[in-house]
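Participant: Take this sequence and fold it.
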Amino acid sequence: MFLNVLATARSFSTSAVANFPKLKSHSGAKKRWSAIASGKFKRAHANHSHKNVSKRPARKNNLAQTAYSSQSQTATLKKLLPYA
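Facilitator: Numbering: from 1, shown residues only. Got it, this is the predicted structure:
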């Protein structure tokens, strides 16, 4: 009985385990966040690329720094980006 099930499953895939539907990544999150090796995510700051005349240089330098996800953000982003 098991060999018959295994043979029919192999005609479509290499394993007898049922494949669940693929999870979709959140398109807005994948444009803004990228995963790093520690398991956290990084992003760029907004407001860095235009209307810079009125911004002081220290503010521009702070906006140029990379921002990292907090612990609560990381938990949410792992759900939004399951394959990251």
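
Participant: tell me which element K79 is part of?
Facilitator: K79 belongs to helix 71-80 when elements are defined using DSSP states H and E.

Participant: Could you list the low-pLDDT ranges of the chain?
Facilitator: When the per-residue scores of the chain are filtered using pLDDT under 70, the ranges that remain are 1-16.

Participant: Tell me where it has strands.
Facilitator: Assignment of strands within the chain using DSSP state E yields the ranges 34-35, 41-44, 66-68.

Participant: Nearest to Y83 among those would be which one?
Facilitator: Comparing those by their distance to Y83 (CB to CB), the top pick is strand 34-35, with 9.3 Å. Placement of C-beta: from N, CA and C, glycine included.

Participant: and A35, how far is that from N62?
Facilitator: With distances taken as CB to CB, to the nearest Å, A35 is found 24 Å from N62.

Participant: which residues of the protein fall in helices?
Facilitator: When secondary structure is read from DSSP state H, the chain shows helices at 2-10, 27-32, 57-64, 71-80.
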